[in-house]
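>>> dropping the sequence and predicted coords here.
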Amino acid sequence: MDDPAVFSRAFLGKKLWAGQRSIIRALRDGDVAVRSGHAIGKTTIGAVAACFWMMRPDSIVITVAPSMRQVKSQIWREIRSSIQNARSRVIQLPSGLRMATYPEFPQGQAHWTVAEKWYALGVSTNEPEKLAGAHSKRVLVIIDEASGVDDRVWEVADAVLTGKHDRKLVIGNPTRTVGKFREIWSRKQEAGVWQRFHFDCTKLPWIESRQDPPVEGLVTHEWVDKMRAKWGPHSPIFKIRVRGEFSTTDENVLLTVDQIEAASRVEGTRGRPVSLGVDVARYGEDKTVLTWIEGNAQVRQWAFDQRDTVQVAEIIRRAVASLPVDCIGVDADGIGAGVCDNLKRLGVAHYEFHGGEKPDRPQYRNLRTESHWNLAESIRGGHFQIIGEGEPYADELHGQLAFCLSTLTGFTIESACGVNRT
């Protein structure tokens, strides 16, 4: 079985669309790099490549992602799904393995061993030493979320992949404007080293024809339309998440997209204090947002529309009734004042945040600007974890953070997030 696309359909039960088939087949000829927008099936490509590589004896697969959480929840979850599909099949492989004898993978497992030099392993970007010992007849290194992977890992991978049949597959959204992944697309000398694939979601065949995607789970034209309307076609978040383009960064942004992405990969320490932040919206397209934070980690975000102040106060009361909360902060300007009045009536202790008040430090225009800067500094320093891609309202949060701008007027710093709430 020399065709990985046929292998995917026949043995793993996974249908691939034309772009995926081109990528997976290109691995037979050399190293492959893929940049794209959201949900074009990059994780499936990596999982199929790993399973196909493991067909033959003396083969090693190393998958790398920026954090171990991403290793387990993305590509290895897809590998586990592929193997579960394969276990129901009794077809004999050229290697002598039977699909029905593929191992059972507990949730969270990121390793698969057949023999001493025949295994697959998932590692995070801070474990480059685990790549160093990967020597066998055929070695495949898959770098997922490649923009966020430390350059040291790329260097170790280059030192390991010295054999004729060794390969490298790197896939991701182009979130950083520097680093090894960026150099693949910007340096002329890289053109002869890599087979490069770029997928702009706005130009995918089913998006242009406004049809359903050929495979379930791929990006839809409705999502592309939503992102275009929400962020605008020239915004950094649209360029990166939809068009798969590297973005130029405005010098006035509080946070770059790669800093925001990095914050979603931080392993935050959950614990006390536990706080709930509430941003209250009026009727219309805006939504009231509740954010749950434990220690230095954002745990969850909820959003509600078409709720009056009495209903929002009741939602807050129920949310904290069975959970330990040290602080409830409510944006009390405008309609938020009504929510605070109702919380007082319900006997729910809370803190009223008034963004227009005097800041603690005089260089900021007001308390809201100072709060923006405090959050940005925590994120830039790697001290705060935010919700990541795939979690509810993560796209909206990341987009709003990317739109936060700062300006210096005299000796006063101002900030503004020029988009609607989510």
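Arrived safely.
>>> and the gap between Y119 and H111?
Noted for Y119: a distance of 7 Å to H111, by C-beta to C-beta, to the nearest Å. Heads up, the C-betas are built off the backbone N, CA and C, glycines and all.
>>> those two: who's more crowded?
Y119 (17 against 12; other C-beta atoms under 10 Å).
>>> can you tell me which residues contact the more buried one?
The contact partners of Y119, taken as C-beta atoms under 8 Å, 6 or more residues apart in numbering, are 60-61, 111-113.
>>> any weak-confidence spans in the chain?
Scanning the chain for pLDDT under 70 picks out the ranges 1, 87-106, 248-252, 283-285, 405-422.
>>> if we can go back for a sec, out of the contacts of Y119, who's the most crowded?
Neighbour counts for the contacts of Y119 (other C-beta under 10 Å) peak at V61, which has 27 neighbours.
>>> am I right that that residue falls within a strand?
Yes: V61: assigned to a strand according to DSSP: H, G, I helix; E, B strand; the rest coil.
>>> how about it, what does it touch?
Counted by C-beta under 8 Å, 6+ apart, V61 has contacts 49-50, 53-54, 119-121, 139-142.
>>> how much space is there between the residue of the chain most remote from its centre and E216?
Relative to the mean C-alpha coordinate of the chain, counting by C-alpha atoms, centre = their mean, the farthest residue is R345 (40.9 Å). As for R345, its distance to E216 is 48 Å (criterion: C-beta to C-beta).
>>> how about Y393?
23 Å.
>>> dump the contacts of V61 to JSON lines, plus distance to E261 and secondary structure.
Below are the contacts of V61 laid out as JSON lines (distance: C-beta to C-beta, whole Å; DSSP: H, G, I helix; E, B strand; the rest coil):
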{"residue": "A49", "distance to E261": "23", "secondary structure": "helix"}
{"residue": "A50", "distance to E261": "23", "secondary structure": "helix"}
{"residue": "W53", "distance to E261": "28", "secondary structure": "helix"}
{"residue": "M54", "distance to E261": "30", "secondary structure": "coil"}
{"residue": "Y119", "distance to E261": "30", "secondary structure": "strand"}
{"residue": "A120", "distance to E261": "26", "secondary structure": "strand"}
{"residue": "L121", "distance to E261": "24", "secondary structure": "strand"}
{"residue": "V139", "distance to E261": "28", "secondary structure": "strand"}
{"residue": "L140", "distance to E261": "25", "secondary structure": "strand"}
{"residue": "V141", "distance to E261": "21", "secondary structure": "strand"}
{"residue": "I142", "distance to E261": "19", "secondary structure": "strand"}
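>>> contact partners for Q74?
43, 65, 144-145.
>>> of these, which is the most crowded?
A65 leads the contacts of Q74 on contacts (other C-beta under 10 Å) with 29 neighbours.
>>> that residue touches V149, doesn't it?
Yes: under the criterion of C-beta atoms under 8 Å, A65 makes contact with V149 at 7.2 Å.
>>> could you pull out the strands for the protein?
Per DSSP state E, the chain carries strands over the ranges 32-36, 59-65, 111-115, 118-124, 138-143, 167-172, 195-199, 274-279, 288-294, 297-304, 327-331, 351-353, 404-409, 412-417.
>>> can you give me the angle the longest one makes with strand 274-279?
Between strand 297-304 and strand 274-279, the angle formed by their directions is 40 degrees, by axes from the mean of the first three to the mean of the last three C-alpha atoms, to 10 degrees.
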